[in-house]
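S.K.: Provided below are the primary sequence and the corresponding predicted coordinates.
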2 protein chains.
Amino acid sequence: MHKNFKNIEKIVFGRGSFNQLDEIIAPIRKENDGFFVFVVDKYFEGKELENRIPKQAKDVVYFIDVDPKEPTTDQIDNLRDEVIEKNGMPSGIVGIGGGSIMDIAKASALMFKNEGSSVPYQGLNLIKNEGIYHLGVPTVSGTGAECSMTAVLSGPEKKLVLKCEWTVFNQVILDPDLTATVPSDQWFYTGMDTFIHCIESKSGINYNVFSQAYGDQSIALCKEVFLGENAGQNPENDEKLMMASLFGGLSLTYSEVGACHALSYGLSVVLGMKHGYANCLAFNHLDEFYGDAVNDFRGMVKRFNVTLPQGLSKSWTEQQITDMAQVAINLPFMWRHAIGEDWESKFGLEDIKNLYRRM
Amino acid sequence: MHKNFKNIEKIVFGRGSFNQLDEIIAPIRKENDGFFVFVVDKYFEGKELENRIPKQAKDVVYFIDVDPKEPTTDQIDNLRDEVIEKNGMPSGIVGIGGGSIMDIAKASALMFKNEGSSVPYQGLNLIKNEGIYHLGVPTVSGTGAECSMTAVLSGPEKKLVLKCEWTVFNQVILDPDLTATVPSDQWFYTGMDTFIHCIESKSGINYNVFSQAYGDQSIALCKEVFLGENAGQNPENDEKLMMASLFGGLSLTYSEVGACHALSYGLSVVLGMKHGYANCLAFNHLDEFYGDAVNDFRGMVKRFNVTLPQGLSKSWTEQQITDMAQVAINLPFMWRHAIGEDWESKFGLEDIKNLYRRM
């Protein structure tokens, strides 16, 4: 059985395409109560982009600070309940921001049509009804959230995804101009998320020619953006990194992330580290998993004078290391992909703890 | 304004994925009269694949010979009228075959829901209603018809496309095993269609980073399949060429074909030549448009001992050459892409006739 995957329904790509948002959502406004919810990264509040949001009288705009932590089940449920109570059922929801905002838009779209708390829906195909129309406008490139079937939510007990084909956006607007003002550290860490996606996709048993066609091209684009003659944040590379992110996400359609993402989840859950940064911390120590790609990564780190702290684990308690390893080992599909069907006979909690101790 | 394009809604890729067809269409059978129409390349009649079609009692299977000519408006209208008269409105239509079968499936799906002759709908966005569910199973790689918004039909007056977002397939099954038995000449000519799509996409004013990301990867895959160490028809290359075809089609989303396809249309309309073969005849003489890519192409021709006839134009009448040039010049968007906004001031009917005289 091969995966039958759901594509983003419609895509517009190009500089300034954000200006087409009003026209794109106009026909959708005929549905439900005719208004839209916009969830926007707080970074854009008071900035030029705020005035470009095609807000109509009944629309609701939320500026959301996603910096301290990733979206939670409570946050989604509260947003849904508040909108329905005050305004009714929206025609659609638009997310404008990075990966967390994409996840909020995707998860909320589903929860507008699925009753109760989002907690019992965390997992694969547990959602009962198709959500409302949802449109993603990524303003940072690298997460792949613009095309994935998942919306990552931290629940009271676990960090888990809402995953089903209805999670995928109905529409994505890829406007490279919107990524021009990303702070350089975030640009680097989020871009590395894509590079690492592709290397992990490539280095495991689920990889196939579909994943390779997307992944190899994404890696080539990442190398141009982070190691090429014209490396760095510039308009040409904003376009390339946006495509690399999309392709990296699509490479994962048939493949899987691996050791780095498993370790990174542990760092995020236990120590609250941001996803892209945690990936970089982990990837830097995974030569035996990812070989030369780790050297390429170190070249990129050097090229952009990124400081990756060393010896962090000295300040971690044994309990923290155990807790992180527990989070990581509870992602068996990642280890299975990275090590093989028989991974449990080769690799265990102690090995994972040792990987954390290197950091 | 950037194009807002419609994706294939769902894709399954992998060897043997054709076996998932029954399960995939099961939920769609609830719509309309619950039966499916299968349009299948006559090549498969009596072959093993015929027995693998998940035909149920009320389903209708047409084996269609597409070899002598491309699909016509009459053919689509007759198929639609016959099915509706005898069986009612189908739940969906499945096309199993090459580019012409893909076009028949796409065009019929639309015409089941749009009244009258298909002739007045030939053109861009002239279709009034969304069609029925349609699913494509390509058995030859290269046309890009699996992902395009167009269905090419020859009408009484012109060869033109039904083009709108509803033309795009709801589902595509990419099973590389199905392309294993393609006759070697068809394998070559249809594969070259993809290579030429990407070179034309690249060599013109509509090209952008989206088209490049798909096109460069498709070219790389074509070079592996037709020039690499392991070149030729084999299981690995069946997978690669299937991805190359998809990527070549997606490269054209934001770009355009050019001189070669314009000339090729003239050869097809006036002399009845098959599309892939006509492309090859024309491309071989377009060094000033496509430079080194024409040399790569000649290398592929040589590698597979393909005989491209020379001096054909000696047997053409002046009237035939004029007629072909008239067909070609009536594709201004191709010349505009290939030569520039001001192409009409640089290039005219006589130049096109001279290109035909080289062949």
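M.R.: Perfect, I can see it now. Residues are numbered from 1 along each chain as shown, chains lettered A, B, ... in the order given.
S.K.: and the one residue in the stretch 251-359 of chain A that gets nearest to chain B, what pLDDT?
M.R.: As assessed by CB to the nearest CB, chain B sits closest to residue A:254 within the stretch 251-359 of chain A, at 6.8 Å. From N, CA and C alone the C-beta is placed, and that goes for glycine too. Residue A:254 carries a pLDDT value of 94.
S.K.: List the buried residues of stretch A:33-45.
M.R.: For stretch A:33-45, a neighbour-count test (16 or more other CB atoms under 10 Å in any protein chain shown) marks A:35-41, A:43-44 as buried.
S.K.: Columns pLDDT on top of those residues, output as CSV?
M.R.: Putting those into CSV (pLDDT from 0 to 100) gives the following:
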residue, pLDDT
A:35, 98
A:36, 98
A:37, 98
A:38, 98
A:39, 98
A:40, 98
A:41, 96
A:43, 94
A:44, 96
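S.K.: quick check, nearest of these to residue B:271?
M.R.: The closest of the buried residues of stretch A:33-45 to residue B:271 turns out to be residue A:36 (CB to CB; 54.1 Å).
S.K.: Just give the closest residue to that closest one, not the sequence neighbours.
M.R.: Distances taken as CB to CB, 6 or more residues apart in numbering or on different chains place residue A:59 nearest to residue A:36, at 4.9 Å, with adjacent residues excluded.
S.K.: what's the answer for residue A:11, then?
M.R.: residue A:172 (5.2 Å).
S.K.: Enumerate the beta-bridge partners assigned to that neighbour.
M.R.: Per DSSP bridges, the residues bridged to residue A:172 are residue A:11, residue A:136.
S.K.: pLDDT wise, what is it at?
M.R.: At residue A:172, pLDDT is 98.
S.K.: What of residue A:122?
M.R.: Model confidence at residue A:122, given as pLDDT, is 89.
S.K.: List the contacts of the closest residue to it other than its chain neighbours.
M.R.: With sequence-adjacent residues excluded and distances taken as CB to CB, 6+ apart, residue A:122 is closest to residue A:160, at 4.0 Å. Residues counted as contacts of residue A:160 (CB atoms under 8 Å, 6 or more residues apart in numbering or on different chains) are A:122-123, A:152-153.
S.K.: Likewise for residue A:238?
M.R.: Neighbours of residue A:238 in contact, by CB under 8 Å, 6+ apart: A:141, A:176-177, A:179-180.
S.K.: Which two among the residues you listed are spaced furthest apart?
M.R.: Most distant of the contacts of residue A:238, by CB to CB, are A:141 and A:177, 12.0 Å apart.
S.K.: Looking at the two, which is more packed in?
M.R.: Neighbour count, other CB atoms under 10 Å in any protein chain shown: between residue A:141 and residue A:177, residue A:141 has more, with 30 against 17.
S.K.: did I read that right, the more buried one in a helix?
M.R.: No - Residue A:141 is assigned coil when assessed by DSSP: H, G, I helix; E, B strand; the rest coil, not a helix.
S.K.: measure it to residue A:240 for me?
M.R.: 9 Å (CB to CB, to the nearest Å).
S.K.: circling back to that earlier point, am I right that the residue of the stretch 251-359 of chain A closest to chain B is in contact with residue A:214?
M.R.: No - at 9.1 Å, residue A:254 does not count as touching residue A:214 under the criterion of CB atoms under 8 Å.
S.K.: Neighbour count: the two, which is higher?
M.R.: The residue with more neighbours, out of residue A:254 and residue A:214, is residue A:214; 28 against 23, by other CB under 10 Å.
S.K.: Please name the strands paired to the helix or strand where residue A:94 lies in the sheet, noting orientation.
M.R.: Using DSSP states H and E, residue A:94 maps to strand A:92-97. The strands that strand A:92-97 pairs with in its sheet are strand A:36-41 (parallel), strand A:133-138 (parallel) (by DSSP bridges).
S.K.: Residues in contact with the last one: which ones?
M.R.: Contacting residues not belonging to strand A:133-138 are listed as A:18, A:21, A:24-25, A:28, A:31, A:91-99, A:102, A:105-106, A:108-109, A:145-146, A:169-175, A:178-179, A:242, A:245 [CB under 8 Å, 6+ apart].
S.K.: Filter these down to the buried ones and hand me the PyMOL line.
M.R.: For the buried members of the contacts of strand A:133-138, the matching PyMOL selection, counting by 16+ other CB under 10 Å, is:
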select buried, chain A and resi 18+21+24+25+28+91+92+93+94+95+96+97+98+99+102+105+106+108+109+145+146+169+170+171+172+173+174+175+178+179+242+245
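S.K.: and after the strand or helix carrying residue A:108, which helix or strand comes next?
M.R.: Per DSSP H and E: residue A:108 is located in helix A:99-111. Downstream of helix A:99-111, the first helix or strand assigned by DSSP H and E is strand A:123-124.
S.K.: chain center to that next one: distance?
M.R.: Centroid separation between strand A:123-124 and its chain, computed with CA atoms, centre = their mean, to the nearest Å, is 17 Å.
S.K.: Outside of it itself, list whatever touches it.
M.R.: Strand A:123-124 has contacts (CB under 8 Å, 6+ apart) with A:160-164.
S.K.: Could you do stretch A:216-231 as well?
M.R.: For stretch A:216-231, contacts defined as CB under 8 Å, 6+ apart pick out A:188, A:191, A:194-195, A:197-199, A:202, A:232, A:236-237, A:240-241, A:243-245, A:247-248, A:251, A:296, A:299-300, A:303-304, B:213-214, B:216-217, B:220.
S.K.: Mind checking which of the residues you listed land in helices?
M.R.: Mapping the contacts of stretch A:216-231 onto helices (DSSP state H) picks out A:188, A:191, A:194-195, A:197-199, A:202, A:236-237, A:240-241, A:243-245, A:247-248, A:251, A:296, A:299-300, A:303, B:213-214, B:216-217, B:220.
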